[in-house]
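Visitor: sequence first, predicted coordinates after that:
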Amino acid sequence: MQQYRDCPQILRNFLTYHENIKGQSPLTIHEYYLDLRMFLRFLKLMRNEMPVDTDLDTIDIRDIDVAFLGTVTQSEIFDFLSYLANDRVARPDEAVPERGIEAASRARKLSAIKSFYKYLTVRTKQLSENPVADLEYPKLRKSLPKYLTMEESAALLKAVSGPNEKRDYAILMLFLNCGIRRSELVGLNLTDVYEDRIRVIGKGNKERFVYFGTACRKAIDAYLEERNQIELSDNRALFGSRDKNRISVTAVHRLVKKALLQAGLDSTQFSAHKLRHTAATMMLSGGVDVKTVQEVLGHENLNTTQIYTHIENTELKIASEANPLSKLDFSK
C-alpha cells in the first residue's frame with residue numbers, strides 16, 4: 001500500500017480489506033483509491049472554503065479520520081455529484097477540455113463511496129449512520145455501442161506505423177480479435193500466450209481463455225521477435241513501454257488514439273473500449289451465439305452482452321427468408 005501513502009489511514013485500511021479479504025483485482029483497488037481520494041479532496045475543498053478552481057491534487061487529505069467521515073452529509077455528497085456532472089474536466093489533455101463527466105463515470109464514483117460507507121457502518125461498525133445508503137445512481141442513457149465497420153477496422157490496422165509498429169499492431173489485433181479489456185491487455189504476461197489462445201485475468205480476478213486466429217498469431221509472433229530482445233523492469237510483461245516498464249492503460253489509450261488518427265478515423269468517437277465493441281459485433285454478425293460471446297468477453301451477466309444483438313445478423317435473415325411461410329401472402 002506504499003503507492004497510497006497520500007491517503008488517510010482509514011482509506012488505506014478500506015483498500016487493504018478489499019484487496020486481502022474481498023479478493024478484488026489490483027485495477028478495482030486502484031479505481032477505489034482514485035475515486036475516494038477525489039471525493040475526500042473535494043470535501044476538504046468545500047469545508048475549507050478554498051477557491052473553486054483550486055487543483056484537487058494539491059489538497060492534503062492524510063489527516064481525515066472516522067470522526068470527519070461521520071460528519072459528512074447527504075447534501076455534501078450531492079454537491080460532489082453536481083461537481084462531477086458540471087465542473088469536473090473530462091479530458092484535460094484536449095485542446096478545448098469539456099466540463100462534466102458522463103453518467104457512467106459518476107455512477108462508478110458513487111458506487112465507490114457507497115462501498116466505503118458500507119465498510120465503515122456494516123463491516124467494521126466504526127460509524128452508525130450511512131449518508132449514501134438511500135442515494136440513487138445517476139440514470140444511465142441506454143445507447144447502442146459504437147463500433148468500427150470491417151472497412152474501418154482494416155484501415156486502422158493498415159495505418160499502424162512508427163517505432164513501435166509491431167507492438168501496436170499486435171495490441172490492435174488482440175483487441176479486434178479477442179475483445180479483451182484494456183486492463184486485461186496491460187496485465188498480460190509472456191506466459192499467458194499459448195499456441196492459439198491467451199489466458200486473461202478479468203474482473204474479480206476471474207481467469208478465462210480467449211482464442212485467436214492465424215492472423216493474430218502472426219502479429220504476436222512478429223512482436224515477440226522484438227520483445228525477446230528487450231529487458232523490462234517487470235520482465236514477465238508481454239507488452240512494454242519505451243521507458244522499459246510494463247505498458248500502462250494510459251499508454252494503450254494513447255496508441256489507439258494515434259492509430260485512429262493515422263487511419264483518418266474520428267478519435268473522439270472511438271477508443272480501445274470501442275475496439276472491444278467491434279470484436280463483439282463482428283462475432284455476432286458472423287453467426288456466433290450470444291452465450292459464446294458472453295464467455296469470450298468475460299461478462300458475468302448475459303444482459304450485458306445482449307446490448308450487441310442489435311446487429312443485423314445475416315445468417316438469421318437468410319434463415320427467415322428460407323422459411324416457406326415467409327412466401328405466403330394473402331393480403332388484398
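Guide: Looks like it arrived, so ask away.

Visitor: so Asn205 is in contact with Gly23, correct?
Guide: Yes. The criterion here is C-beta atoms under 8 Å, and Asn205 meets it with Gly23 at 6.1 Å. C-beta coordinates here come from the backbone N, C-alpha and C atoms, glycine included.

Visitor: can you count the residues close to the nearest residue to Gly240 once chain neighbours are set aside?
Guide: Residue nearest to Gly240 in three dimensions, not counting chain neighbours: Leu232, with 4.5 Å by C-beta to C-beta, 6 or more residues apart in numbering. Residues near Leu232, counting by other C-beta atoms under 10 Å, number 18.

Visitor: wait, what's in contact with Lys166?
Guide: 219, 222-223, 225-226 (C-beta atoms under 8 Å, 6 or more residues apart in numbering).

Visitor: quick one: the strands in the stretch 201-332 of the chain?
Guide: Using DSSP state E, counting those that start in this stretch, the strands of the stretch 201-332 of the chain run over residues 207-211.

Visitor: which stretches of it aren't confidently modelled?
Guide: The model of the stretch 201-332 of the chain has pLDDT under 70 over residues 300-332.

Visitor: now do 50
Guide: 312-316, 318, 325-326, 328-332 (pLDDT under 50).

Visitor: with the stretch 51-200 of the chain instead?
Guide: In the stretch 51-200 of the chain (pLDDT under 50), no residue qualifies.

Visitor: quick one on the thing from earlier: so the residue nearest to Gly240 makes contact with Arg246?
Guide: Yes. Under the criterion of C-beta under 8 Å, Leu232 makes contact with Arg246 at 6.6 Å.

Visitor: quick one on the thing from earlier: please report the distance of the residue nearest to Gly240 from Gly187.
Guide: 14 Å (C-beta to C-beta, to the nearest Å).

Visitor: one more: Thr28?
Guide: Thr28 is 12 Å from Gly187, where distance means C-beta to C-beta.

Visitor: and what of Tyr223?
Guide: Distance from Tyr223 to Gly187, by C-beta to C-beta: 17 Å.

Visitor: and what of Tyr17?
Guide: For Tyr17, the distance to Gly187 - C-beta to C-beta - is 22 Å.

Visitor: then Leu135?
Guide: 32 Å.

Visitor: Ser111 too?
Guide: If you go by C-beta to C-beta, the gap between Ser111 and Gly187 works out to 22 Å.

Visitor: ok, Ala155 next?
Guide: Taken as C-beta to C-beta, the span from Ala155 to Gly187 is 28 Å.

Visitor: also Leu11?
Guide: With distances taken as C-beta to C-beta, Leu11 is found 24 Å from Gly187.

Visitor: same thing with Arg199?
Guide: From Arg199 to Gly187 the distance is 10 Å (C-beta to C-beta).

Visitor: between these two, which is the more surrounded one?
Guide: Gly187 (21 against 14).

Visitor: quick one, phi psi at the more buried one?
Guide: Torsion angles at Gly187 (phi, psi; degrees, to the nearest 10) stand at phi -80, psi 0.

Visitor: distance of it relative to Arg236?
Guide: Relative to Arg236, and taking C-beta to C-beta, Gly187 is found at 10 Å.

Visitor: again, but for Thr149
Guide: 36 Å.

Visitor: Val132 too?
Guide: Distance from Val132 to Arg236, by C-beta to C-beta: 39 Å.

Visitor: who's more crowded, those two?
Guide: More neighbours surround Val132 than the other of Val132 and Arg236, with 17 against 11 (other C-beta under 10 Å).
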